[in-house]
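>>> Just a sequence and a predicted model for now, questions to come.
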Amino acid sequence: MDISVTGPKVYVRIEWLYQKFAGTMVDMFGNLGNLVTQTTVSIFLVTIMLMILGWVASRNLTKRPGRLQVITEKLITMLYGLVEGTMGKHNSHFTPYIGTLFLTSIFGSLIGTTAIFRSTTADLSVTLAWALVTSGMVWYNNIKNFGFVAWLKGFTEPVVVMTPMNIVGEIAQPLSMAFRHFGNVAGGSVLTTLIYAALAVASKALFSWLPAMVLELFPPLLQAGIPAFLSLYFDFFSAFVQAFVFCLLTMVYVAGACPSPEELAEAKSEE
């Protein structure tokens with residue numbers, strides 16, 4: 001049983017840059033110098049698909065909506081309700097970002113089911129970039145709402161001794177978000193590949209008594225059906241769950257940095 005699990009294929013690379021940083025800490029989460037990879041192509045296609053989907057869903061809007069417009073308005077209303085219920089109504093302006101993140105994650109995971117393109121979420125650099133954007137939003141809004149000094153002071157709470165642990169926790173936040181999403185998608189892909197290969201070996205052992213002509217005409221019999229059920233879980237159910245969890249964590253973290261005007265005024269009055 002020969003199984004090879006590798007990263008995304010590289011189509012275009014700046015060789016001197018790749019050779020200079022390969023294996024260094026700078027190159028920790030990806031290969032510097034790789035300009036176009038399978039992930040890059042998948043991200044581009046997902047972006048194009050979402051643009052087309054947005055154009056189709058928003059064109060020809062009328063006061064007497066058709067079926068597509070009703071479905072679109074219902075989904076958008078549900079999304080705003082989710083964001084406002086989690087982050088507060090004063091943070092409803094984050095809804096487009098959360099919606100974009102959710103759809104990009106789902107489509108990025110599902111594109112891997114084509115067997116032609118690679119799931120974008122199976123690349124750590126993608127989920128890490130999303131997590132860093134979320135952390136950047138948290139840091140920016142903390143500084144904007146509470147002030148730079150208060151933000152720095154927060155690392156010393158509840159006691160100064162906790163400062164190193166608070167700093168580590170702040171750094172670990174985007175890393176945990178990135179690795180959780182990436183690990184579940186990539187791990188599911190690897191597990192499915194291993195089971196698929198194992199079924200081929202088991203099928204060959206169990207049905208070796210069949211004529212060679214039959215074995216050549218038909219694929220390994222045990223591979224019929226079982227991988228499909230695994231795909232339903234890892235490729236579809238898990239894709240939606242991981243997208244939702246990532247967006248939920250994003251909403252919780254950003255909401256903590258963006259309290260309501262009343263809560264913000266109360267917090268500043270206590271300083």
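Happy to help now that I have it.
>>> Who are the contact partners of the nearest residue to residue 111 once chain neighbours are set aside?
Nearest non-adjacent residue to residue 111, counting by C-beta to C-beta, 6 or more residues apart in numbering: residue 117, 4.9 Å away. Heads up, the C-betas are built off the backbone N, CA and C, glycines and all. Contacts for residue 117 were tallied using C-beta atoms under 8 Å, 6 or more residues apart in numbering; they are 38, 41-42, 45, 111.
>>> Can you identify each of the helices in the stretch 101-250 of the chain by residue range?
Using DSSP state H, counting those that start in this stretch, the helices of the stretch 101-250 of the chain run over residues 124-146, 148-153, 163-206, 212-217, 226-231, 238-257.
>>> Redo those helices as a markdown table? Include distance to residue 55, mean pLDDT and mean neighbour count.
Below are those laid out as a markdown table (distance: least, C-beta to C-beta, whole Å; pLDDT from 0 to 100; neighbours: other C-beta atoms under 10 Å):
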| stretch | distance to residue 55 | mean pLDDT | mean neighbour count |
| --- | --- | --- | --- |
| helix 124-146 | 24 | 91 | 18 |
| helix 148-153 | 40 | 85 | 12 |
| helix 163-206 | 28 | 79 | 16 |
| helix 212-217 | 46 | 54 | 10 |
| helix 226-231 | 30 | 60 | 13 |
| helix 238-257 | 22 | 91 | 18 |
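>>> So for residue 65, which of those sits nearest?
Closest approach to residue 65 among those (C-beta to C-beta): helix 238-257, 26.1 Å.
>>> And the residue nearest to residue 111, what's its pLDDT?
Reading off the confidence values, residue 117 has pLDDT 85.
>>> Return the backbone torsion pair for it.
The phi and psi values for residue 117, taken as degrees, to the nearest 10, are phi -110, psi 160.
>>> Any figure for the gap between it and residue 41?
Distance, residue 117 to residue 41, by C-beta to C-beta, to the nearest Å: 7 Å.
>>> thinking again about what came up before, and of the helices of the stretch 101-250 of the chain, who's closest to residue 105?
Nearest to residue 105, of all these, is helix 238-257, at 3.7 Å by C-beta to C-beta.
>>> which helices and strands sit right next to that closest one?
Here helix 238-257 touches helix 67-87, helix 95-110, helix 124-146, helix 163-206, going by 3 or more C-beta pairs under 8 Å, 6 or more residues apart in numbering; DSSP states H and E.
>>> if you average pLDDT over the second one, what comes out?
Per-region confidence: helix 95-110 scores 93 on mean pLDDT.
>>> Give the buried residues for that helix.
Along helix 95-110, these residues count as buried under the neighbour rule (16 or more other C-beta atoms under 10 Å): 95, 97-99, 101-110.
>>> swap in the first one?
Residues of helix 67-87 classed as buried: 69, 72, 79-80, 82-83, 86-87 (neighbour count, 16+ other C-beta under 10 Å).
>>> for those, which one is nearest residue 63?
Of all the buried residues of helix 67-87, residue 69 has the smallest distance to residue 63: 10.1 Å, by C-beta to C-beta.
>>> so how far is residue 236 from the nearest residue to the closest one once chain neighbours are set aside?
Leaving aside its chain neighbours, residue 69 sits nearest to residue 61 (6.1 Å; criterion: C-beta to C-beta, 6+ apart). Residue 61 sits 30 Å away from residue 236, going by C-beta to C-beta.
>>> Check residue 43 too.
20 Å.
>>> helix/strand/coil for residue 62?
Under DSSP: H, G, I helix; E, B strand; the rest coil, residue 62 falls in the coil class.
>>> Might one say that it is in contact with residue 73?
No. At 11.5 Å, residue 62 does not count as touching residue 73 under the criterion of C-beta atoms under 8 Å.
>>> Keeping just the C-alphas, turn stretch 166-185 into CSV.
Output in CSV follows, covering the C-alpha atoms of stretch 166-185 (Å, rounded to 0.1, in the frame of the first residue of the first chain):
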residue,chain,number,x,y,z
ASN,A,166,-1.4,36.9,29.3
ILE,A,167,1.0,37.7,26.5
VAL,A,168,1.4,34.0,25.6
GLY,A,169,-2.4,33.7,25.7
GLU,A,170,-2.8,36.6,23.3
ILE,A,171,-0.3,35.0,20.8
ALA,A,172,-1.9,31.6,21.3
GLN,A,173,-5.4,32.9,20.4
PRO,A,174,-4.9,33.2,16.6
LEU,A,175,-2.7,30.1,16.5
SER,A,176,-5.3,28.0,18.2
MET,A,177,-8.0,29.2,15.9
ALA,A,178,-5.9,28.5,12.8
PHE,A,179,-4.7,25.1,13.9
ARG,A,180,-8.2,24.0,15.0
HIS,A,181,-9.7,24.8,11.6
PHE,A,182,-6.8,23.5,9.5
GLY,A,183,-6.3,20.4,11.6
ASN,A,184,-9.8,19.2,11.3
VAL,A,185,-10.0,19.7,7.6
